[in-house]
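Quick check, what structure comes out for this input:
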Amino acid sequence: MKVHGRCHCGEIVYEAEIDPAQVSICHCTDCQTLTGTAYRVSVPAKAGDLRFLKGAAKIYVKTAESGRQRAQGFCGTCGTPIYAADPHEAKLFNLRTGVLAERAVVTISPARPCARAARAIEPPISPKPISAMRLKCAAPLTSTP
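Purely as a prediction, here's the structure:
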C-alpha cells in the first residue's frame, strides 16, 4: 500500500510502500518515553520503498539497556517523530503511523511489545481503522494572564 507522511509543520514530506498488516504497537519504556504516552504505533518500510520528497529528519541515537542502538528520525523544527532505524545500516524504517495521511485506513494488529515492555498494557486493539476508535482528547490547556 502506498502511504504519504509529513511532519506537523510540513518541513518533512515522504511517501512509502508498506504492508498494512505489519502495523504494530510497542509499549516498552523507551517507546513510552519517546512518545510521552503509553505506546508507539509503527509500520515498517524497506529503505528502497521510502522516498523523502521534502526535508530530512534530524537524528537522535538512543541506546537501550540491552546496548542496541536505534536512530530516531524526527523533524528538527516541530519535533514530530518520523521513524526509527538502525543507525549504522538502515535497511528498514519503522514509520510512525500518526504522520500518515492514510492513517484512517491503517489497521492495528495485536501488540508486539519490545523485550523490555514496561508492563502489560491492553491498548484499544480491534480489527478496525484507527479513525473508527473512540478516543478521548484532553481539554485544551488554558493560560492565565
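
Can you list the buried residues in stretch 60-76?
Within stretch 60-76, the residues scored as buried using 16 or more other C-beta atoms under 10 Å are 70, 71, 72, 73, 74, 75. Any C-beta I mention is one placed from the backbone N, CA and C, and that applies to glycine too.

Taking the centroid of the protein, which residue is nearest it?
residue 96 (2.1 Å; C-alpha atoms, centre = their mean).

Read off the pLDDT value for that one.
We have a pLDDT of 95 for residue 96.

low-confidence ranges in this structure?
Scanning the chain for pLDDT under 70 picks out the ranges 107, 109-145.

can you give me the helices in it?
Assigned helices in the chain, in chain order: 29-35 (criterion: DSSP state H).

just the strands in it please.
Secondary structure of the chain (DSSP state E): strands located at 2-6, 13-17, 24-26, 40-46, 50-54, 58-63, 69-74, 81-85, 92-96.

So which other helices or strands are in contact with the first one?
Spelled out, that is strand 2-6. The contact analysis (3 or more C-beta pairs under 8 Å, 6 or more residues apart in numbering; DSSP states H and E) places strand 2-6 against strand 13-17, strand 92-96.

redo that, cut-off 7 Å
strand 13-17 (3 or more C-beta pairs under 7 Å, 6 or more residues apart in numbering; DSSP states H and E).
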